[in-house]
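Student: show me the folded form of this:
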Amino acid sequence: MTFIDEKLSPGVVLTHKLSRINWLLIALIATLCIVGALALYSVAGGSFEPWAFPQIMRILVGFVILFIVALIPLRIWFSIVVPFYVAVVGLLVLNAFIGVSAKGAQRWIDFGLINFQPSEVAKIALIMALATYYSLLPKTKVSHPVWVALPAALVLLPFLLVASQPDLGTGILIMLVGGIVMFLAGVHYLYFAVVILAVIGVVATVLLSQGTAWQILQDYQYDRINTFFDPSLDPFGAGYHIIQSKIAIGSGGLHGRGFLQGTQSQLDFLPEKHTDFVFTTLAEEFGLIWCMILLTFFVIIVLICSIAALRCKDRFGSLLVLGISSLVFLTVTTNVAMITGLIPVVGIPLPLISYGGSSMMALMFGFGLVQNVIIHAERY
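Tutor: Predicted coordinates:
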């Protein structure tokens, strides 16, 4: 790995680092955060409490984290990946014993001032661990069964811990991100074909187990699956979320009903309007055109990250950035597909926009790593 010469005076080093930051990426992230704060202000009926003000504070802290992570030499992050991954897995294990339960899931650890969700940081820790592993492994060994087993275990461990909370949506996201990084690292496609066939078998088993003594998922998760195919089966229960979401999106039309004018959110017809379904509020108030512009911002972010990864000579930095851009793409795609009824409701928030401290901090940390690679790693 080659880096900026840290032997220069601190002022010169800092100036050089700041000059290499991708400020377009910073501007796009800031714009999405502002849109999110406005959406939270709107769903609270034109009030900064209880969601907009705390989110603004988190955004400010998040940008501090982003810049700190970006300016620390990349070699330092590379050197602490293993203890970082182990610590995050340890928090996932700890969560099983002392985690705070809410809405049928035990996903948060209460640290007094904050409730921390380890599964959000686990996504970034996994990407870092896989990027480190493949940066050290000779390319000739990437597809050898022995050397595929370890990264597979690195992916499987957090997946099982998160899925058992239960948080199957985040667990699946962890599996997908891990699989993408392994594929981009050069693991042979036949491994993924076997996994896909196994997944099909597992899905079939899960569906067949419903209502039996060996039922695999929780009842509410089966309700989500059943109402995905036909929300009218339980319009006031499990199907309520998606029905109200579609009504809100449809009522927004092309141009929207106007800021603070969303009837579904303002009259509290829309559940989880500040977290998983915040994009529905935006669709109702601003319409299809502005929502497409918003999604275009996410596309540009993914493209900026992908280009940075392709220009990076260092394998660790390249895989790290590709993993984070894949995470952003998958999270946005899953959330939008969920609120439009294309996939079952799996509880995945919209990055930078949905209310939530752990997801905001983890994502800002991830974007800090992206900027770090842009700043420090030598490029073509």
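
Student: and the lengthiest strand in the chain, how far out from the chain's middle?
Tutor: Determined from DSSP state E, the single longest strand within the chain is strand 105-110. Distance of strand 105-110 from the chain centroid (C-alpha atoms, centre = their mean, to the nearest Å) equals 17 Å.

Student: do me a favour and average the pLDDT over that strand.
Tutor: Mean pLDDT, computed over strand 105-110, is 82.

Student: which parts of that strand are buried?
Tutor: Going by neighbour count (16 or more other C-beta atoms under 10 Å), the buried part of strand 105-110 is 105-109. For the C-beta atoms, the positions are set from N, CA and C on the backbone; glycine is no exception.

Student: name the nearest of these relative to residue 122.
Tutor: Nearest to residue 122 out of those is residue 107 (C-beta to C-beta; 11.1 Å).

Student: roughly how far does the closest one sit from residue 156?
Tutor: Between residue 107 and residue 156 the computed distance is 19 Å (C-beta to C-beta, to the nearest Å).

Student: and residue 4, what's its pLDDT?
Tutor: For residue 4, the model assigns a pLDDT of 51.

Student: wait, a helix at residue 355?
Tutor: No. Counting by DSSP: H, G, I helix; E, B strand; the rest coil, residue 355 is not part of a helix but coil.

Student: residues contacting it?
Tutor: Shown in contact with residue 355 (C-beta atoms under 8 Å, 6 or more residues apart in numbering): 36, 40, 51, 54-55, 274-275, 278, 349.

Student: now residue 101: which helix or strand?
Tutor: Secondary structure from DSSP states H and E places residue 101 in strand 100-102.

Student: and that strand, how far from the chain's centre?
Tutor: The answer for strand 100-102 is 21 Å, by C-alpha atoms, centre = their mean.

Student: buried subset of the contacts of residue 355 as a PyMOL selection?
Tutor: What follows is the PyMOL syntax selecting those of the contacts of residue 355 that are buried according to 16+ other C-beta under 10 Å:
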select buried, resi 36+40+51+55+274+275+278+349
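
Student: export the contacts of residue 355 to TSV and tack on pLDDT, distance to residue 121 and secondary structure?
Tutor: TSV is the format used below for those (pLDDT from 0 to 100; distance: C-beta to C-beta, whole Å; DSSP: H, G, I helix; E, B strand; the rest coil):
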residue	pLDDT	distance to residue 121	secondary structure
36	95	20	helix
40	93	22	helix
51	91	22	coil
54	93	19	helix
55	94	19	helix
274	85	22	coil
275	86	18	coil
278	91	21	helix
349	92	14	coil
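
Student: got any ranges where the stretch 51-200 of the chain has weak pLDDT?
Tutor: Under the criterion pLDDT under 70, the flagged ranges of the stretch 51-200 of the chain are 103-104.

Student: just the helices in it please.
Tutor: Ranges of helices within the stretch 51-200 of the chain are 52-71, 74-79, 81-98, 118-136, 145-163, 168-185, 189-208, based on DSSP state H, counting those that start in this stretch.

Student: nearest to residue 218, out of those helices?
Tutor: Among the helices of the stretch 51-200 of the chain, helix 168-185 comes nearest to residue 218, with 8.9 Å by C-beta to C-beta.

Student: picking up where we left off before, just the CA coordinates for the longest strand of the chain, please, in CSV.
Tutor: Taking Å, rounded to 0.1, in the frame of the first residue of the first chain, the C-alpha atoms of strand 105-110 are listed here in CSV:
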residue,chain,number,x,y,z
ALA,A,105,-37.1,-8.1,18.5
GLN,A,106,-34.0,-7.8,20.7
ARG,A,107,-31.8,-5.6,18.5
TRP,A,108,-30.5,-2.8,20.8
ILE,A,109,-28.0,-2.5,23.7
ASP,A,110,-28.8,0.2,26.3
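
Student: good, wrapping up.
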